[in-house]
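Colleague: Next comes the sequence, and after it the predicted model I'd like to discuss.
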Amino acid sequence: MKNLFFLTAMSLMAIGLTTGCGGGSATAEKSNNQTVPNQMTMTSTAQGEVNLLVGGYSDVVIDWGDGSDNEIIALSDGRYEKCPHTFADATARVVKITGEKINFLRCMDMELSTLDVSQITSLEELSCGSNNLTALNLSANTALTTVYCDWNKLSAEALNDLFKTLHQNTIAEKKISIERNPGTDACNTSIATDKGWEVER
């Protein structure tokens with residue numbers, strides 16, 4: 001009887017410990033499907049070394065989505081930091097970048113199929129060229145001055161939709177580059193130029 005009580009107690013303790021770790025993971029997994037303030041996400045199938053360049057005025061945490069440790073980048077005074085990483089294979093993973101005052105992101109040549117920067121309203125310059133993006137929504141990014149999304153897979157319709165999301169704030173010298181997309185020649189650039197954007201194609 002005493003042995004049975006001991007085994008039962010140990011089992012309960014084990015369940016409690018498992019729930020503590022597993023419960024935390026479950027909570028994190030649930031939050032993965034929700035929008036997180038100050039966090040951008042991108043889906044990458046890159047294999048080998050990639051290089052992010054991030055700029056801003058606050059610490060930035062990068063979750064590479066491949067099980068490696070999170071990387072913390074200490075930024076201040078708007079400086080840029082190069083963040084190299086090596087992916088072991090071409091498995092699709094979601095990279096998450098979190099920071100309160102990120103104003104610059106370069107994520108070129110990362111085999112990106114999706115990019116969501118809607119929670120980074122401080123973003124001023126975005127360079128996401130040479131990827132596989134078929135859509136891009138920048139409606140929340142009202143501080144943007146420069147966008148490079150050339151060499152992607154944006155159709156004319158996708159580019160027109162992108163232009164519609166560009167802000168029309170009175171910021172001088174707003175520029176978007178759309179070179180070498182499938183829809184570059186057929187898109188309606190006046191949607192962007194009417195808002196004060198210069199379109200490079």
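Modeller: Now that the structure is in, tell me what you want to look at.
Colleague: following the helix or strand of the chain with the lowest mean pLDDT, which helix or strand comes up?
Modeller: In the chain, no helix or strand scores lower on mean pLDDT, DSSP states H and E than helix 2-32, which sits at a mean of 34. Downstream of helix 2-32, the next assigned helix or strand under DSSP states H and E is strand 39-44.
Colleague: got the buried residues for that next one?
Modeller: Under the neighbour-count criterion of 16 or more other CB atoms under 10 Å, strand 39-44 has 39, 40, 41, 42, 43, 44 buried. Every residue, glycine included, has its C-beta placed from N, CA and C.
Colleague: Save these as TSV, and put in distance to residue 114 and pLDDT too.
Modeller: As requested, the buried residues of strand 39-44 are exported to TSV (distance: CB to CB, whole Å; pLDDT from 0 to 100):
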residue	distance to residue 114	pLDDT
39	14	97
40	11	98
41	8	98
42	6	98
43	4	98
44	9	98
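Colleague: For residue 175, state which of these is nearest.
Modeller: residue 40 (20.8 Å; CB to CB).
Colleague: how close does that closest one get to residue 154?
Modeller: Note on residue 40: its distance to residue 154, by CB to CB, to the nearest Å, is 19 Å.
Colleague: Same check on residue 78?
Modeller: From residue 78 to residue 154 the distance is 29 Å (CB to CB).
Colleague: okay, the two: which has more neighbours?
Modeller: Set side by side, residue 78 and residue 154 show more neighbours around residue 154, with 24 against 12, by other CB atoms under 10 Å.
Colleague: Much appreciated, bye for now.
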